[in-house]
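1. pasting the sequence and the predicted coordinates here, then a few questions.
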2 protein chains.
Amino acid sequence: MGRGKLYIVGLGPGDSSHLTARAKAVLEDSEIVLGYRTYLDLISDLLEGKEVIASGMREEVDRAKAAVEAAASGRIVSVVSSGDPGIYGMAGLIFEILKERGWSWEDQVAVEVVPGVSALNAAASLLGAPLMNDFAAISLSDLLTPWEVVARRLDAAAGADFVLVLYNPSSKGRKEQLSEALRIISRYRPPGAPVGLVRNGYREGQRVTVTDLGHIPEDEIDMLTTVVVGSSTTFTFDGLMVTPRGYAGRYDLKAANKITGAAVEART
Amino acid sequence: MGRGKLYIVGLGPGDSSHLTARAKAVLEDSEIVLGYRTYLDLISDLLEGKEVIASGMREEVDRAKAAVEAAASGRIVSVVSSGDPGIYGMAGLIFEILKERGWSWEDQVAVEVVPGVSALNAAASLLGAPLMNDFAAISLSDLLTPWEVVARRLDAAAGADFVLVLYNPSSKGRKEQLSEALRIISRYRPPGAPVGLVRNGYREGQRVTVTDLGHIPEDEIDMLTTVVVGSSTTFTFDGLMVTPRGYAGRYDLKAANKITGAAVEART
């Protein structure tokens, strides 16, 4: 029996245009591709002639186990995640299962994580440049992390002037976490703090909104939305959201001017 | 005069294998490509027949201005960043300059940020899966952000159990920031807390190290290194660093077992 291969592959945010060359190459190399149905549909052009195992949203554990089993039996397998499998994606679960099985690098299964453009990178690119300075990524889902831990992180990150990237901000059965998160953030940020919302970035129905903390359309935010809350230096112009790399006066823009007026005003 | 185009393009972490299809397409579309010399060398195969303007590390402002000028004169221009231009990259500076010039979406210059696989995504993929739960990205450079702000963020993020990703941890003339950062983190994390170091990820001379907070080889860390400090649930096995998506007992691994013992033990 040959040595199995297990690729944990990031598809990037949308269709195959934000896929990396490496991701494309390992998909081509694979005999079996497993993933969430909606994401596999976005790359159907790359799946011709492959064994494709599509599953539902809540079936990550079964999917991960099936992928490990197939690779352990000597096959070449890709398990795909939207965005980056290393950011709130499938990579952790796969390694937890491999650890349970006593896997090691000398094992019969070779494992490679193929990084991708995550929701965070995608949202930032569509909003302008909100992540030029320090930021914190926080998932508002309390399915897997106790809400007290999430709330403490929101408080700490908002208080220390991080740009905030909120994953899983809201779902059908879970609305109050977003409201509570915004209440926590509002202790530290004024109602005018810039907020960006990206829904379905680089997919059909893409919607990009730049607003502020006092005017967030909570009803329009769902699990397909990434929320970016600016820091004290983030400014907006012409529908874009930009956090300067430097604090006012520190970046020498030379003849192009020192720093934008808005950035200076936004500092408290 | 035609309408100029300005692409702000992420090259991904290494050579062209982690480039996205969109990044490749806009480079092909471009008449002029501007960037830091070392990064342009990594994609020389894509630059044939282009006007290439290579500059040094400290010349970002001039580079950004030259790119804007060329696009404003009607040309098709790419300015490239290693990794993702939206994460500590060139995108913010370009928008600051565009704002100074009174640019708007109806202007004669069309602007697109093309996201890429950043150092953060790349480091995570090489270390295993350290970013499966909430994390904070912090640059230790105090060239553009006052150290008091950086220190406050380190304290807040370490105290709230974020995984920490440290950019620009150290340079030739700047060693003490890393030591001070590790002192701050050590107030909240035990000496056994997992730490991953990725130097030159996906490039020649790549070095991946998984160690712990008590054994960090500070002398080996430079500006080409990304440092990832695990949270209370991060565990290591076989040279990998994994943060479970769920807190202990919350993720139902079913027959594959509840959660790893190491993850439970690591909780304080």
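-> Yes, it's here.

2. just checking, residue A:46 touches residue A:15?
-> No - Residue A:46 is not in contact with residue A:15 according to CB atoms under 8 Å; the separation is 10.3 Å. (C-beta placed from N, C-alpha, C; glycine too.)

3. got the contact list for the closest residue to residue A:205 other than its chain neighbours?
-> Counting by CB to CB, 6 or more residues apart in numbering or on different chains, residue A:205 lies nearest to residue A:199, which is 7.4 Å off, once chain neighbours are set aside. Counting by CB atoms under 8 Å, 6 or more residues apart in numbering or on different chains, residue A:199 touches A:205, A:206, A:207, A:208, A:220, A:221, A:222, A:224, A:225, A:226.

4. residue A:199 pairs with what?
-> In this entry, residue A:199 is beta-bridged to residue A:207, residue A:225, by DSSP bridges.

5. what kind of secondary structure is the spatially closest residue to residue A:246 that is not a sequence neighbour in?
-> Once flanking residues are discounted, residue A:246 sits nearest to residue B:144: 3.3 Å by CB to CB, 6+ apart. Per DSSP: H, G, I helix; E, B strand; the rest coil, the local secondary structure of residue B:144 is coil.

6. tally of neighbours for residue B:144?
-> Residues lying near residue B:144 (other CB atoms under 10 Å in any protein chain shown) number 17.

7. and it, how far from residue A:163?
-> From residue B:144 across to residue A:163, the span is 15 Å (CB to CB, to the nearest Å).

8. how about residue A:209?
-> 17 Å.

9. ok, these two, which is more surrounded?
-> A direct count of neighbours by other CB under 10 Å for residue A:209 and residue A:163 places residue A:163 higher, at 26 against 18.

10. which residues does the more buried one contact?
-> The neighbourhood of residue A:163, defined by CB under 8 Å, 6+ apart, consists of A:130, A:131, A:133, A:134, A:135, A:136, A:228, A:229, A:230, A:231, A:234, A:243.

11. in strands only, show me those.
-> A:135, A:136, A:228, A:229 (DSSP state E).

12. ok, which of these also contact chain B?
-> Subset of these in contact with chain B: A:135, A:136, counting by CB under 8 Å from any CB of the partner chain.

13. make JSON lines out of the ones in strands among the contacts of residue A:163 and add pLDDT.
-> What follows is those, written out as JSON lines (pLDDT from 0 to 100):
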{"residue": "A:135", "pLDDT": "98"}
{"residue": "A:136", "pLDDT": "98"}
{"residue": "A:228", "pLDDT": "98"}
{"residue": "A:229", "pLDDT": "98"}
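
14. among the ones in strands among the contacts of residue A:163, which one has the most neighbours?
-> Neighbour-wise, the ones in strands among the contacts of residue A:163 (other CB under 10 Å) top out at residue A:229, 30 neighbours.

15. specify the beta-bridge partners of that one.
-> Counting by DSSP bridges, residue A:229 forms beta bridges with residue A:164, residue A:195.

16. so it is in contact with residue A:193, correct?
-> Yes - under the criterion of CB under 8 Å, residue A:229 makes contact with residue A:193 at 6.5 Å.

17. now the common contact residues for these two.
-> Joint contacts of residue A:229 and residue A:193 (CB under 8 Å, 6+ apart) are A:185, A:213.

18. can you give me the strands in chain A?
-> A:4-10, A:32-36, A:51-55, A:76-81, A:109-114, A:128-129, A:135-139, A:163-167, A:194-199, A:207-212, A:225-229, A:235-237, A:240-242.

19. strand partners (parallel or antiparallel) of the second one?
-> In the sheet containing strand A:32-36, its partner strands are strand A:51-55 (parallel), strand A:76-81 (parallel), by DSSP bridges.

20. before we move on, what about the fifth one?
-> On the basis of DSSP bridges, the sheet neighbours of strand A:109-114 come out as strand A:4-10 (parallel).

21. try the last one
-> When pairs are called by DSSP bridges, strand A:240-242 turns out to pair with strand A:128-129 (parallel), strand A:235-237 (antiparallel).

22. need the contact partners of the first one.
-> For strand A:128-129, the surrounding residues in contact (CB under 8 Å, 6+ apart) are A:196, A:210, A:240-243, B:85-86, B:91-92, B:94-95, B:113.

23. can you put these in CSV and add distance to residue A:168 and pLDDT?
-> What follows is the contacts of strand A:128-129, written out as CSV (distance: CB to CB, whole Å; pLDDT from 0 to 100):
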residue, distance to residue A:168, pLDDT
A:196, 16, 98
A:210, 21, 98
A:240, 25, 96
A:241, 21, 98
A:242, 25, 97
A:243, 23, 97
B:85, 26, 97
B:86, 21, 98
B:91, 25, 96
B:92, 26, 95
B:94, 31, 95
B:95, 28, 95
B:113, 24, 98
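
24. nearest to residue A:63, of those residues?
-> Nearest to residue A:63 among these, counting by CB to CB, is residue B:86 at 30.1 Å.

25. got the contact list for the closest one?
-> Residues counted as contacts of residue B:86 (CB under 8 Å, 6+ apart) are A:121, A:124, A:125, A:129, A:130, A:131, A:132, B:10, B:113, B:115, B:118.

26. looking at these, which is nearest residue B:150?
-> residue A:132 (14.6 Å).

27. could I get the contacting residues of the closest one?
-> By CB under 8 Å, 6+ apart, the contact list for residue A:132 reads A:242, A:243, A:244, A:245, B:86, B:87, B:88, B:89, B:91, B:92, B:93.

28. swap in residue A:50?
-> A:27, A:30, A:31, A:32, A:33.

29. how about the third one, nearest residue that isn't a chain neighbour?
-> Computed as CB to CB, 6+ apart, the closest residue to residue A:31 that is not its neighbour in sequence is residue A:76, at 4.8 Å.

30. report the contact partners of the one you found.
-> Neighbouring residues of residue A:76 by CB under 8 Å, 6+ apart: A:4, A:5, A:7, A:29, A:30, A:31, A:32.

31. farthest pair within the residues you listed?
-> For the contacts of residue A:76, the farthest-apart pair by CB to CB is A:4 and A:29; their separation is 12.3 Å.

32. more neighbours: which of those two?
-> The neighbour comparison of residue A:4 against residue A:29 (other CB under 10 Å) goes to residue A:4, with 21 against 11.

33. tell me how far that one lies from residue A:97.
-> Separation of residue A:4 from residue A:97 (CB to CB): 14 Å.

34. what does residue A:242 give?
-> Residue A:242 is 41 Å from residue A:97, by CB to CB.

35. same question, residue A:106
-> Separation of residue A:106 from residue A:97 (CB to CB) stands at 18 Å.

36. more neighbours: which of these two?
-> Per other CB under 10 Å, whichever of residue A:106 and residue A:97 has more neighbours is residue A:97, with 20 against 6.

37. check contacts around residue A:181.
-> Applying CB under 8 Å, 6+ apart, we find residue A:181 in contact with A:140, A:150, A:151, A:154, A:166, A:169.

38. likewise residue A:16?
-> Shown in contact with residue A:16 (CB under 8 Å, 6+ apart): A:24, A:42, A:43, A:45, A:46, B:21.
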